[in-house]
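Peer 1: generate coordinates for the sequence data below:
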Amino acid sequence: MKDEFIIQQIRNRNPDGLAALIEKYKRLSCSVALSIVGSSNLEDALECVNQAFYDIWESCSKLDENKSSLKGWVCLITRRRAIDCLRRKNRGQDLVLDDFTEILPSTRGNPEDEMDRKELAALLNQFILGLPDMDRTVFLRRFFLLESISEIAESQGVSRAAVDNRLKRIRSKLRVYLERSS
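Peer 2: Next up, the predicted model:
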């Protein structure tokens, strides 16, 4: 069934349109959710997929077919739901910066010598945005979503050693980036 017809059916609040959407994009949506929440969290991934299709049903009028395809929109909504799921799951946990203690400036020194927290946050944001997609994903999953190296390796379809090496290179790049910025 063509996407335009599915969109029209959903906008007309026809449940057959939703059924056609689910039938056409359920595998893609599951794949996106599993890549983010990890393949060991099947229940969470299915919850994300269900929520994504519900969100599409509720907000289909906001889709601009000139700017985005239905397929892209399904991926985007599913991705957002999966990230929300990870945030809920990891709420209250502290950020793991143990691997960066030698890189990040001390917070115990003389106030004139210390980097302002907001400035450091801005530098980290710039650094993260400048990373290639795979590096950014690994960095964020490890240090902000607090995933283990094994979980990251499994979700990205690479070996644990590959993730370790990538993290080592990212730490080196961050060290150089912060030294140049200070």
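Peer 1: mind checking how far the closest residue to Leu63 other than its chain neighbours is from Ile6?
Peer 2: Distance criterion CB to CB, 6 or more residues apart in numbering; nearest residue to Leu63, sequence neighbours excluded, is Trp73 at 5.5 Å. Placement of C-beta: from N, CA and C, glycine included. Distance, Trp73 to Ile6, using CB to CB, to the nearest Å: 11 Å.
Peer 1: count of neighbours near Tyr54?
Peer 2: Residues lying near Tyr54 (other CB atoms under 10 Å) number 13.
Peer 1: actually Ile83, not the one I typed
Peer 2: There are 15 residues near Ile83, going by other CB under 10 Å.
Peer 1: tell me the pLDDT of it.
Peer 2: If you check Ile83, the pLDDT there is 82.
Peer 1: kindly provide the distance from it to Trp57.
Peer 2: Shown here: Ile83 relative to Trp57, a distance of 20 Å by CB to CB.
Peer 1: related to what we said a few turns ago, in three-state terms, label the residue nearest to Leu63 for me.
Peer 2: Here Trp73 is helix, with the state taken from DSSP: H, G, I helix; E, B strand; the rest coil.
Peer 1: again, but for Val138
Peer 2: Under three-state DSSP, Val138 falls in the helix class.
Peer 1: secondary structure class for the residue nearest to it when sequence neighbours are not counted?
Peer 2: Counting by CB to CB, 6+ apart, Val138 lies nearest to Arg166, which is 5.2 Å off, once chain neighbours are set aside. Following three-state DSSP, we place Arg166 in the helix state.
Peer 1: list the contacts of Arg166.
Peer 2: Residues near Arg166 by CB atoms under 8 Å, 6 or more residues apart in numbering: Met134, Asp135, Val138.
Peer 1: just among the residues you listed, which is most surrounded?
Peer 2: Busiest of the contacts of Arg166 [other CB under 10 Å] is Val138, holding 25 neighbours.
Peer 1: OK, contacts around that one?
Peer 2: Val138 touches Ile152, Gln156, Val163, Arg166, Leu167, Ile170, counting by CB under 8 Å, 6+ apart.
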